[in-house]
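Colleague: Structural data only, the sequence is not supplied:
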């Protein structure tokens, strides 16, 4: 048989595309009329029939048997031939016209039955049903969890704006771990952000407190035995202190290592969590110094802090420091490329060199790799 002639597998492949992209299950769930699938068949030309009539008959038999008495598809026939070889009926199209035919052809009757059970489970909740219809294969993957997803949805939807912790969720078979594991699905159903923080914020649930750590100078009015404070950012903002200078450090161990300036504070910025620092009202009139990694993200964090505290100046984030530690460079695996509008001219030039790989591919000098003697010589906040 010619390999170019269509087989039942070709019919299956055509229909499976509509199964794989969810089209069949979506239309089935919405009780839409079946969109007939018409598969043209490649078969022998009239001139080929006489060359190997037995092969032609075997090809016809294969397609005829494959239809399983029209349970899987029906065939459309056409007469070809003529006076030299006689007139012959050959199949030219395979037609799948009903959902049962499609299920039988693909061998998915069990999955469809499972999908029916899922639709029954979610039927009383339009938002969950809409998501199920839009994502039928994902719903099938979660078939054993759908009852609990419905329960989680009910609780979360009913507690919007409650300012409760997710730990307080009380729904049949649902706990915090379940809700977090299925957050992306629940977020899509609830119409909220799928990010951890955004999920809680959009639902009006309480997030874990944001702590900011500071090392204050003795003269700021705190008890003399207190060398470090970690408070919720909102509570820290209410401290009655007026530091002369604040040194914001990206890396934790470096934050712990630098000297606290007289009448000042050292603050752990924690990378892109620096917004918490920027919101502290008692920094508005302080001399703010930022020290971060010399890489694209370090400058992005600096730019972000200046959005809150425009007086911020950088330290140890210069070309001289970078070149002096060439043997300690590492690779910036995911460099930033954003346009940073709050950098000084020299900062912007170095940032452009890093983005453009002028000094080498994806250059990065982490803060903790800078020689400590070099730091002490230049750390004059």
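Modeller: That came in fine, so what should we check first? Everything quoted here is computed from the prediction, not taken from an experiment.

Colleague: For the worst-scoring helix or strand of the chain on mean pLDDT, name the packing helices and strands.
Modeller: Using mean pLDDT, DSSP states H and E, helix 46-49 stands out as the lowest-scoring helix or strand of the chain, at a mean of 76. For helix 46-49, the packing partners by 3 or more C-beta pairs under 8 Å, 6 or more residues apart in numbering; DSSP states H and E come out as strand 74-82. Any C-beta I mention is one placed from the backbone N, CA and C, and that applies to glycine too.

Colleague: tell me, how many neighbours does the closest residue to residue 27 other than its chain neighbours end up with?
Modeller: Of all residues not flanking residue 27 in the chain, residue 35 sits nearest, at 6.6 Å (C-beta to C-beta, 6 or more residues apart in numbering). Residue 35 has 11 neighbours, counted by other C-beta atoms under 10 Å.

Colleague: Likewise for residue 268?
Modeller: 25.

Colleague: Next up, the contacts around it.
Modeller: 212, 213, 214, 249, 252, 255 (C-beta atoms under 8 Å, 6 or more residues apart in numbering).

Colleague: pLDDT value on it, please?
Modeller: On pLDDT, residue 268 comes in at 97.

Colleague: Repeat that for residue 85.
Modeller: Looking at residue 85, the pLDDT reads 46.

Colleague: now do residue 51
Modeller: Predicted confidence (pLDDT) for residue 51: 72.

Colleague: Now do it against residue 215, distance only.
Modeller: Distance, residue 51 to residue 215, by C-beta to C-beta, to the nearest Å: 91 Å.

Colleague: Tell me which of these two has more neighbours.
Modeller: Shown here are residue 51 and residue 215; by other C-beta under 10 Å, residue 215 has more neighbours (20 against 12).

Colleague: Would you mind giving the secondary structure of that one?
Modeller: strand (DSSP: H, G, I helix; E, B strand; the rest coil).

Colleague: ok, now residue 209?
Modeller: coil.

Colleague: Surely it and residue 231 touch.
Modeller: No - the pair residue 209 / residue 231 is not scored as a contact, 9.0 Å apart, by C-beta atoms under 8 Å.

Colleague: out of those two, which sits in the busier spot?
Modeller: Counted by other C-beta under 10 Å, residue 209 and residue 231 do not tie: residue 231 has more neighbours, with 16 against 10.

Colleague: Could you report the separation of that one from residue 214?
Modeller: Relative to residue 214, and taking C-beta to C-beta, residue 231 is found at 8 Å.

Colleague: just residue 360 next, same as before
Modeller: 36 Å.

Colleague: Neighbour count for those two, which is higher?
Modeller: residue 214 (24 against 12).

Colleague: what is the more buried one paired to in the beta sheet?
Modeller: Counting by DSSP bridges, residue 214 forms beta bridges with residue 229, residue 267.

Colleague: ok, back up a step: and the residue nearest to residue 27, which of the three is it?
Modeller: coil.

Colleague: can you check residue 94 too?
Modeller: strand.

Colleague: right, and it touches residue 74 too?
Modeller: Yes - shown here, residue 94 and residue 74 form a contact pair, counting by C-beta under 8 Å, at 7.4 Å.

Colleague: which non-adjacent residue is nearest residue 358?
Modeller: Nearest one to residue 358, counting by C-beta to C-beta, 6+ apart, is residue 352 at 7.7 Å.

Colleague: elements contacting the strand or helix carrying the one you found?
Modeller: Taking DSSP states H and E as the criterion, residue 352 maps to helix 345-355. The contact analysis (3+ C-beta pairs under 8 Å, 6+ apart) places helix 345-355 against helix 296-308, helix 319-324.

Colleague: what comes up buried for the first one?
Modeller: Neighbour counts over helix 296-308 (16 or more other C-beta atoms under 10 Å) mark 296, 297, 298, 299, 300, 301, 302, 303, 304, 305, 306, 308 as buried.
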